[in-house]
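A.B. asks: Okay, here's the prediction I keep looking at, along with the sequence it came from:
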Amino acid sequence: MNKTIILDKRPVGKPQSTDFKFIDSEIPEAAANEIILKATYVSVDPYLRGRMSDAKSYSAPFELQKPISSGVVAEVTVSNNAAFRKGDFVSGLLEWKEYQKSNGQGLLKIDPSKAPLSAYLGILGMTGLTAYLGLSEIGKPKAGETLVVSGAAGAVGSVVGQIGKILGCRVVGIAGTDEKAALLKTRYGFDAAINYNTTADMKQAIAEACPDGVDVYFDNVGGEITDGVLANINKFARLIICGSISVYNETTVPMGPRVETVLIKNSALMQGFIVANYAAKFPEAMAKLSEWLQAGKLTYSETITEGFDQIPQAFIGLFEGKNNGKMIVKI
């Protein structure tokens, strides 16, 4: 039988395992010009939480009683499509199913001889593209500037910090444990790291870690951490709003400091984005990420959970800080 994970209920606050439901069906058969895909790796990402709510956003919400979808690496097991052969590996936005059929549209062939398959969901996938394009297109970092990254031990944040170092920045990361903070410096080359869970005064901690102020801020977290960064920005600072995981599970709209005065006083830019905004630049970004990876200038971490049945729990683990780097499920 073929297992599928559907959204059974819309989460209230932090997602629970009871919000998801497993259903069984028969393995599909390929019609003309179709292929059958077997899931190999499934990506779980914080942004999926937004799509589980019935609220307007940049992507349509998931429908109840329908499969959830995310980035997936899959193997072609049957092909009636001339563009694909049995044994090919592809990546794309696919449903949480063990097996599914496709006409091939939206799928990217990937080469397991050039990088591990899981890397195409991370450093060479949406994660790497988000880090590179958000930082380069909005942050426009210059050598000698100070870059601060929140959620720095996560999939995107760890890549952002490394790119900042490649470009000559002083890089400060913010993470949630002493172990993660140490990892930022030893593995990813950050100049300084702050554990927000043991920091009583974030404004002061950032001031001490960034004696010359903050020029570029790559924000994956929002909330009080961002309030502390805002208090330390320089004139013409660029604030890149990639995510806000600290408030994704809130049931009311949290209120923080008003940002307008700070932005005006510093002639600063604050811009949100999604990686699809820069789709035309994906080939350029992929080429640069691949070059840096092969040259040993980039490294990455993965937290890999095994088993199709573990996908919901791996997703929930994102909101409990259980991942170092990219959270992936191996099927």
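C.D. replies: On my side now, so go ahead.
A.B. asks: thinking Lys322 is in contact with Gln310, fair?
C.D. replies: No: the criterion here is Cβ atoms under 8 Å, and Lys322 misses it with Gln310 at 11.8 Å. Just so you know, the C-beta spots here come from the backbone N, C-alpha and C atoms, and that holds for glycine as well.
A.B. asks: Those two: which is more packed in?
C.D. replies: Taking other Cβ atoms under 10 Å, Lys322 and Gln310 do not tie; Gln310 has more neighbours (16 against 13).
A.B. asks: how close does the more buried one get to Ser70?
C.D. replies: 14 Å (Cβ to Cβ, to the nearest Å).
A.B. asks: next one: Ser290
C.D. replies: 23 Å.
A.B. asks: neighbour-wise, which of the two wins?
C.D. replies: Ser70 (20 against 17).
A.B. asks: How about that one, nearest residue that isn't a chain neighbour?
C.D. replies: Excluding the flanking residues, the one nearest Ser70 by Cβ to Cβ, 6 or more residues apart in numbering is Ser43, at 5.1 Å.
A.B. asks: what's the burial count for the one you found?
C.D. replies: Ser43 has 27 neighbours, counted by other Cβ under 10 Å.
A.B. asks: cool, Glu291 as well?
C.D. replies: 11.
A.B. asks: next one: phi and psi at it?
C.D. replies: Dihedral pair for Glu291: phi -60, psi -50, per degrees, to the nearest 10.
A.B. asks: I'd like to know how far it sits from Leu108.
C.D. replies: Distance of Glu291 to Leu108, given as Cβ to Cβ: 18 Å.
A.B. asks: Kindly report the same for Glu75.
C.D. replies: Taken as Cβ to Cβ, the span from Glu75 to Leu108 is 14 Å.
A.B. asks: Now do the end-to-end distance for stretch 306-324.
C.D. replies: End-to-end distance of stretch 306-324 (Cα to Cα, to the nearest Å): 16 Å.
A.B. asks: Let me know the average pLDDT across it.
C.D. replies: The average pLDDT within stretch 306-324 is 94.
A.B. asks: List the buried residues in that stretch.
C.D. replies: Neighbour counts over stretch 306-324 (16 or more other Cβ atoms under 10 Å) mark 308, 310-312, 314-319, 321, 323-324 as buried.
A.B. asks: Next: stretch 12-20.
C.D. replies: Of all the residues in stretch 12-20, those buried under the rule 16+ other Cβ under 10 Å are Pro15, Asp19, Phe20.
A.B. asks: Just the ones of these in strands?
C.D. replies: Applying DSSP state E to the buried residues of stretch 12-20, the entries found in strands are Phe20.
A.B. asks: Need the pLDDT of Ile245.
C.D. replies: Reported pLDDT for Ile245: 73.
A.B. asks: Can you report how many residues lie near it?
C.D. replies: Neighbour tally, Ile245, other Cβ under 10 Å: 20.
A.B. asks: gap between it and Pro283?
C.D. replies: Ile245 is 29 Å from Pro283, by Cβ to Cβ.
A.B. asks: same question, Glu98
C.D. replies: 31 Å.
A.B. asks: So for the two, which residue has more residues nearby?
C.D. replies: Taking neighbours as other Cβ under 10 Å, Glu98 and Pro283 compare with Glu98 leading, 18 against 9.
A.B. asks: That one against Ile311, yeah?
C.D. replies: No: between Glu98 and Ile311 there is no contact, the gap being 10.6 Å when judged by Cβ under 8 Å.
A.B. asks: Just the C-alpha atoms of stretch 5-25, please, in CSV.
C.D. replies: Extracted as CSV, the C-alpha positions of stretch 5-25 are listed here (Å, rounded to 0.1, in the frame of the first residue of the first chain):
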residue,chain,number,x,y,z
ILE,A,5,0.0,12.3,5.0
ILE,A,6,-2.9,14.7,5.0
LEU,A,7,-3.8,17.8,7.0
ASP,A,8,-6.6,16.6,9.2
LYS,A,9,-7.0,19.7,11.4
ARG,A,10,-5.7,23.3,11.2
PRO,A,11,-3.2,23.7,14.1
VAL,A,12,-4.0,26.1,16.9
GLY,A,13,-0.7,27.3,18.3
LYS,A,14,2.1,24.8,17.9
PRO,A,15,1.3,22.0,15.6
GLN,A,16,0.4,18.6,17.2
SER,A,17,0.7,15.1,15.8
THR,A,18,-3.1,14.9,15.9
ASP,A,19,-3.3,17.6,13.2
PHE,A,20,-2.0,15.1,10.7
LYS,A,21,-3.5,11.9,9.5
PHE,A,22,-2.1,8.9,7.6
ILE,A,23,-4.2,7.3,4.9
ASP,A,24,-3.5,4.3,2.7
SER,A,25,-4.1,3.9,-1.0
